[in-house]
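Q: how would this look folded up:
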Amino acid sequence: ALLAEGIRDFFEMNVIVKSERVRHDGKKDLQKLFSGSSFPSGDSLQTPRSLQFQLYLAALMDLSGFDIKLKEPDFFFQYKSRKYSVAAKRINSPSKIYTRLSEAKKQIKNYGDLGFIAFSIDRVVWDEMNKDTYIVTKNPDVLYSDGKTILYDVLRNKFKKAVLDNLDSQVVGHIVSLTIPALIPELYSIGVSHNIEFIPFVKPDNIIYEDTKEMSQKLQWPSVVSRK
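A: A predicted model of the protein is given here:
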């Protein structure tokens, strides 16, 4: 379990440092990342790893060609001439789901732009297992599909009420992230099952609906992201 926690941290930090925009504009925030514990399970302060998720998502979008800007609520990005705000939360347990989504909605409503609530559900899965979960497989090709199955299962069983209670006309969608470390013994390899889904909360006849569907496909996974 400790190895799994370390793999995820390395994976996120590896993406962050590849983004010149985040390294430059987020210099002060980057310093705060190292005030947390060595492993997520030992965190007494939630801020450092929540900030790590925020910078990780911003860096991944930057490296995937989105025009991002680090500013409140957490960051902004541009897609097809439209600007969106993002309020990013790492949810640490099922008991915090409602609170974190409500906080994110308020953040977005404080700004005039339409926005997305982004949240990591890594620790919701972790909490359910009472330890950090990981995948052991002989076939790395199943990592993406297995992660996607888990992501939607968790959303269906843990998030439905909180999501419905926190709908708002300014919140056009959610960005849901799940990263599960993986061990592939036959290849003497480690890796991750990583999924980020953009889920629209506008009607299908709204142009933002199709744009949101496209956004997930535009992301480039870290193994193929070029250094900037």
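
Q: quickly list what the closest residue to Ile196 other than its chain neighbours is bridged to.
A: Spatial nearest neighbour of Ile196, excluding adjacent residues (Cβ to Cβ, 6 or more residues apart in numbering): Ser177 at 4.9 Å. No exception for glycine: its C-beta is placed from N, CA and C like everyone else's. Note on Ser177: beta-bridge partners Ser120, Ile196, judged by DSSP bridges.

Q: ok, Ser177 - contacts?
A: Phe53, Leu57, Ala118, Phe119, Ser120, Ile121, Asp122, Asn195, Ile196 (Cβ atoms under 8 Å, 6 or more residues apart in numbering).

Q: quick check: the farthest pair among these?
A: Phe53 and Asn195 (14.1 Å; Cβ to Cβ).

Q: once you drop chain neighbours, what's closest to the residue of the chain positioned farthest from its centre?
A: Residue farthest from the centre of the chain, counting by Cα atoms, centre = their mean, is Glu186 at 29.4 Å. Distance criterion Cβ to Cβ, 6+ apart; nearest residue to Glu186, sequence neighbours excluded, is Lys138 at 5.3 Å.

Q: need the three-state assignment for the one you found.
A: coil (DSSP: H, G, I helix; E, B strand; the rest coil).

Q: about what we covered before: the residue farthest from the centre of the chain against Pro140, yeah?
A: No. The pair Glu186 / Pro140 is not scored as a contact, 9.7 Å apart, by Cβ atoms under 8 Å.

Q: for the protein, just list every one of the strands.
A: Ranges of strands within the chain are 67-69, 75-79, 82-90, 115-120, 135-136, 171-184, 189-200, based on DSSP state E.

Q: which stretch in those strands is the model least sure about?
A: The weakest mean pLDDT among the strands of the chain belongs to strand 135-136, with a mean of 84.

Q: by average pLDDT, which secondary structure element in this protein comes out worst?
A: When each helix and strand of the chain is scored by mean pLDDT, DSSP states H and E, helix 122-129 comes last, with a mean of 72.

Q: for the most centrally placed residue in the chain, give its distance to Ala104.
A: Centroid check for the chain by Cα atoms, centre = their mean gives Ser177 as the closest residue, at 3.7 Å. Taking Cβ to Cβ, to the nearest Å as the measure, Ser177 falls 13 Å from Ala104.
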